[in-house]
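# attaching a predicted model along with its sequence, questions to come.
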Amino acid sequence: MRACSDSAHPVYHGLSGWINPEKCCASNVFGVNCVPILMGTIVEPAYLTGSTKFTWFDKFREFKVMKQYSKRMVIVHWLTLILLIAAWYLGDSLDDATDDSKATLAGYIVHISVGLSVLLLAVFRFYFRRRDGVPPPTGDTPMDKLAKGVHYLLYALLYVLPISGIMTVITSSAGKALLAGDANLLPKEHGYRSVFAHTVHEQLVNVLIALVALHILGAIKHQFISKDGLMKRMMLRRKD
Ligand code: HEM
Ligand code: HEM
């Protein structure tokens, strides 16, 4: 049972403070590659680390560093990607439809439903993240810090982007059209020009695309240059 060997990061130990996993593994106490934890010293992980989750085994009373995101975090991550692609495609079609003065209410309803699902998933994700924890960071280089910053910005966008969409509906005639079920009330060509929320919504989509591109580049770098198996952390298939 290799509890510590996968992380180059210190792990919090309730009794003796921070343990360097490498040292921890070198100690090889009781024939397992980790320092055993004494009764009563188990630490509530979310409280101490804010995120990293540990589980422990009665037999050895040892820490086990989380190696992958929980299954439900993985499902929500990939489902969000699918919904974002759908919302982006539908939003773009709505924009074209407005230009042709052929926008349909159905298109709006589908776009709004998909967008609101993204928001709902973001709320679930926040809860799952707190409950399940996340694997420890892969490193502490400026690139790792950049990746973490990108993750925070992506999370922020998953809330702010749908909210700007809601504001677009509220502050334009789209709201009235939806309430009345009358497509003629929808903003016509350039009808959103004076709607500030729409400009914000549009620009946030561009920011999202740029950040997701950066995020994917990071994943590619890990997969093909660093070859550290980072992608496996976001996969349903369990490592052990
Ligand atoms: C988070 C997911 C979302 C994405 C990726 C997204 C994407 C887009 C895109 C690409 C456009 C076209 C922008 C343009 O070039 O004019 C758009 C327009 C719009 N979106 Fe969203 N949106 C999302 C969520 C929402 C939500 C939750 C709502 C409302 C509750 C909403 C309401 C609107 C409205 C009213 C428009 C204007 C349609 C038009 O330009 O003709 N969106 N969205
Ligand atoms: C093809 C597209 C994508 C790939 C290959 C990808 C890959 C990954 C991988 C491998 C991780 C784990 C990183 C780690 O363990 O440090 C991750 C985390 C993450 N991804 Fe993606 N991702 C993609 C799309 C997206 C999209 C569209 C979003 C949302 C807008 C997103 C948001 C996040 C966030 C916020 C995390 C951090 C999770 C956390 O620590 O709570 N990803 N992604």
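Happy to help now that I have it. Numbers count the residues shown, from 1 in each chain. Ligands and ions are numbered 1, 2, ... in the order given.
# give me the number of residues near Leu90?
18 (other C-beta atoms under 10 Å). Where you see a C-beta, it was placed from the backbone N, CA and C, and this is true even at glycine.
# look up how far ligand 2 lies from the nearest residue to it once chain neighbours are set aside.
Distances taken as C-beta to C-beta, 6 or more residues apart in numbering put His111 closest to Leu90, at 4.1 Å, once the chain neighbours are dropped. Distance of His111 to ligand 2, computed by C-beta to the nearest ligand atom, to the nearest Å: 17 Å.
# show the contacting residues for His111.
By C-beta atoms under 8 Å, 6 or more residues apart in numbering, His111 lies in contact with Ala87, Leu90, Gly91, Leu94.
# what is the nearest of the residues you listed to ligand 2?
For the contacts of His111, the minimum distance to ligand 2 (C-beta to the nearest ligand atom) is 11.0 Å, reached by Ala87.
# and the residue nearest to Leu90, what element?
helix 105-132 (DSSP states H and E).
# and the following helix or strand past that helix, which residues are buried?
Remark: after helix 105-132, the chain's next helix or strand is helix 142-171, criterion DSSP H and E. Neighbour-count burial for helix 142-171, with 16 or more other C-beta atoms under 10 Å as criterion, is recorded at 147, 150, 153-154, 157-158, 160-162, 164-169.
# remind me what helix 142-171 packs against, helices and strands.
For helix 142-171, the packing partners by 3 or more C-beta pairs under 8 Å, 6 or more residues apart in numbering; DSSP states H and E come out as helix 105-132, helix 173-180, helix 196-220.
# of all these, which lies closest to Arg238?
Arg238 lies closest, by C-beta to C-beta, to one member of the helices and strands packed on helix 142-171: helix 105-132, at 13.5 Å.
# who in this protein is up against ligand 2?
77, 80-81, 84, 129, 134-135, 138, 151, 154-155, 158, 212, 215-216, 219, 230-231, 233-234 (C-beta under 6 Å from any ligand atom).
# which of the residues you listed are buried, as a PyMOL select command?
For the buried members of the residues of the chain next to ligand 2, the matching PyMOL selection, counting by 16+ other C-beta under 10 Å, is:
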select buried, resi 80+84+129+134+135+138+154+158+212+230+233
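# near ligand 1, which of the residues of the chain next to ligand 2 show up?
Near ligand 1, judged by C-beta under 6 Å from any ligand atom, the entries from the residues of the chain next to ligand 2 are Leu84.
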